[in-house]
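Q: compute the structure for the input listed below.
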Amino acid sequence: MAPRAIVAATANPGKLKEFRSLLADLPFEVLSLDGGPSIAFPEEGTDYTANAVAKAEAVAEQWGEWALADDSGLEVEALQGAPGPLSARFGGPGLDDAGRVAHLLDALEGGRAPPWPARFVCVAAWAGPGGEGGIARGECPGRIVTRGRGARGFGYDPVFQPDGFDETMAELEPRVKDRISHRGRAFAQLRETLLARMPESGQGVGS
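A: Numbering: from 1, shown residues only. Predicted structure coming up:
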């Protein structure tokens, strides 16, 4: 029996890797956007749920396939919840992950002294070609550390230390991160509806 297929509505290789890891024990083949027709994604706004749903629905509608997306952000108390849903664009469009981390630390070092309480937030969404869909939200509280540590993960992981851990997200073993991260917690809720609602087999991409 062929595995059920679902398209990851993301161009971020770090997210794609985590999507696959978080669903690795399920009978799903998580496919990337590579090699398929280009997707016209709507412009992202400032609401996690709206962004995640819009990305999943764009792939489901334009490809006619089941799709999975998320929208995540880092909310820092000292920055009044910023960068939030704008985390991937924090500091401007020309910055990479390291540049955004440096911009974040610059913004914090010019204000209140550490510790800097923060949390990661994720809203995950799936959508089917028939208009089906579901969402789930996960959060991971912690703090921002004053310098990056660790080579795992992506985004702000090197400067985010989850509550209850001495390591940053980028220092944690992937299995531990999958269990406690914002994305891991959102996917843990979402997986049951995916199992219940997706076609049994062989009815996904390429069918």
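Q: quick one: buried residues of stretch 139-158?
A: Judged by neighbour count (16 or more other CB atoms under 10 Å), stretch 139-158 contains these buried residues: 140, 142-145, 148, 152-153, 155-158. Where C-beta positions appear, they are placed from N, C-alpha and C, glycine not excepted.
Q: just the terminal-to-terminal distance for that stretch.
A: End-to-end distance of stretch 139-158 (CA to CA, to the nearest Å): 17 Å.
Q: which stretches of the protein form helices?
A: Secondary structure of the chain (DSSP state H): helices located at 13-22, 48-63, 97-109, 174-180, 182-197.
Q: can you tell me the closest non-neighbouring residue to residue 66?
A: residue 6 (4.5 Å; CB to CB, 6 or more residues apart in numbering).
Q: which ones are touching the one you found?
A: Under the criterion of CB atoms under 8 Å, 6 or more residues apart in numbering, the contact partners of residue 6 comprise 28-31, 65-68, 126, 194, 198, 204.
Q: of the residues you listed, which is the nearest to residue 176?
A: Within the contacts of residue 6, proximity to residue 176 (CB to CB) peaks at residue 30, which comes in at 20.9 Å.
Q: the closest residue to that closest one other than its chain neighbours and residue 85, how far apart?
A: Closest residue to residue 30 in three dimensions, ignoring its sequence neighbours and counting by CB to CB, 6+ apart: residue 20, at 4.7 Å. In this structure, residue 20 and residue 85 are 24 Å apart, going by CB to CB, to the nearest Å.
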